[in-house]
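Trainee: Just a sequence and a predicted model for now, questions to come.
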Amino acid sequence: MPTEADEDWRYGRIDALDLGVYEPVAEPGGDPPDLAGGPAGLLSGLGAPAALVRTRDGFVVSSALGAPAASTGLSVTSARALTAPPAGFGSVVALSQDAFTVLAEAFGADAVVVTVAAGVHVAGPIVVVHELDRRAGPAAVFPRTFVELGEGAVAIVVEHLVSATGEALVCPVTELEVGRDARLAYHSIQELDRSAWQLGYVASRVDRGGSLRSFAASFGGDYARLCTHSSLVGEAATSELLAAYFGDGTQVQDMRTFQEHAAPRTKSVLIFKGAVDDAARSVYSGLIHIHKGARKSDAGQTNRNLVLSDSAHADSVPNLNIEENDVRCSHASAVGPIDRAQRFYVESRGVPPSVAERLILLGFFDDLLARAPEPGVAAYLRGVVAGRLVRSARATAREGGAR
């Protein structure tokens, strides 16, 4: 088990985890969990999906291909329905395992398997909704997804993780295998209940000439950790890694990233933005690793955080490990409150202070959301951020009235 003394787990809350109180889920719940909005709201903005998969407590309970996609080289199935796992299953996440990916392999009983044949362009998004049911006692759930694109394939994948009320330990593992000259747009949206813990892992491997555009959004959970490991293993492979996170109350949003350049002329861009309010905390720790032989690699890493209250706190720790000459690397981080000049400018136009702060924060996230590969996801997340800000403003007003 890791501890907060380990560099990869510093600033987090892993020492507070008691694995013994959780019981691994052996079978999915009987009825769909009661989830307000959530998946329905997201799906309404995505149009007609090429495929829709629903899992409950880590088990695939339904899977359907859209009519045009049924004969186009797209396969979406449950791992339990296969006689043998796909050739690359487990190999991507094996690049950098930790105790919780091993735990997920030990207790995970099913997985969503998405394969796109070489040369196939999937028009609509492939949507995977992971639902966690309400349980009598604390439950441990291990959702898993494997996505493989053949040479020259193009696809969009959207994963949505939601839960009903109830204590849970959620260890989702996603593997993304992007073949030569393939293009994958991947979205991960986490809206767990406030009583849940997440220890998530997204591992990707991009081959020669391939590209990955990834967008992660983390808004739920009590303690929510997401580790993103992106490996560019083929010459001229590229990745764009984006994330937005928001914490209030006593939430902890913990984001860890690893950009690995293992081949020449590879390029990665990372932009993570977060905000914390009340007594919430956020953690960002990232590493760019340029391997020996990865000449002319270009890597960028940017993390920006807004701290909205005196009790909130954000840590930002960017790192570089460069083993080759003739490369280009940059990293930047910022932690601070809303700029007073910006606030004054908005308020001088007759906008009340609380509304001015919300507008500035929406603008802080909006340029990032505009880069989400799927416009429907961006529209949904704008609504989620706006809703959180409105609730936060109401809570502040109630506290002010009480005083």
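Mentor: Looks like it arrived, so ask away. The shown structure was predicted, so the numbers you read here are calculated from the model rather than taken from an experiment.

Trainee: and the one residue sitting closest to the centre of the chain, what does it touch?
Mentor: The centroid of the chain falls nearest to Ala216 when counting by Cα atoms, centre = their mean (3.3 Å). Contacts for Ala216 (Cβ atoms under 8 Å, 6 or more residues apart in numbering) come out as His187, Ser188, Ile189, Gln190, Val202, Leu226, Thr228, Leu241, Leu242, Ala243, Ala244, Met255. In short, each C-beta sits where N, CA and C put it, glycine included.

Trainee: just checking, the fifth one is part of a helix?
Mentor: No: secondary structure of Val202, determined by DSSP: H, G, I helix; E, B strand; the rest coil: strand, with no helix assignment.

Trainee: returning to that earlier point: pretty sure the residue nearest to the centre of the chain belongs to a strand, no?
Mentor: Yes: assigned with three-state DSSP, Ala216 falls within a strand.

Trainee: could you measure it against Leu368, distance?
Mentor: Using Cβ to Cβ, to the nearest Å, Ala216 is found at 11 Å from Leu368.

Trainee: ok, now Ser211?
Mentor: In this view, Ser211 and Leu368 are 19 Å apart by Cβ to Cβ.

Trainee: Pull out the buried residues from the contacts of Ala216.
Mentor: Among the contacts of Ala216, the ones that count as buried by 16 or more other Cβ atoms under 10 Å are His187, Ser188, Ile189, Gln190, Val202, Leu226, Thr228, Leu241, Leu242, Ala243, Ala244, Met255.

Trainee: mind checking how far stretch 205-221 is from the chain centre?
Mentor: Centre-to-centre, stretch 205-221 and its host chain are 8 Å apart (Cα atoms, centre = their mean, to the nearest Å).

Trainee: scratch that, stretch 288-299 is what I was asking about
Mentor: With Cα atoms, centre = their mean, you get 25 Å for stretch 288-299.

Trainee: which residues in the stretch 301-403 of the chain form helices?
Mentor: Per DSSP state H, counting those that start in this stretch, the stretch 301-403 of the chain carries helices over the ranges 340-347, 353-369, 375-402.

Trainee: for these, which one sits closest to Ser63?
Mentor: helix 375-402 (20.6 Å; Cβ to Cβ).

Trainee: which secondary element of the protein has the worst mean pLDDT?
Mentor: One helix or strand of the chain scores below all others by mean pLDDT, DSSP states H and E: helix 375-402, with a mean of 71.

Trainee: related to what we said a few turns ago, hey, what's in contact with both of Ala216 and Leu368?
Mentor: The contact sets of Ala216 and Leu368 overlap at Leu242, Ala244 (Cβ under 8 Å, 6+ apart).

Trainee: For Thr257, grab phi and psi.
Mentor: phi -130, psi 150 (degrees, to the nearest 10).

Trainee: Check the gap between the closest residue to Val93 other than its chain neighbours and Phe146 for me.
Mentor: In space, and not counting its chain neighbours, Val93 is closest to Ala203: 4.5 Å by Cβ to Cβ, 6 or more residues apart in numbering. For Ala203, the distance to Phe146 (Cβ to Cβ) stands at 10 Å.

Trainee: Cool, thanks, signing off.
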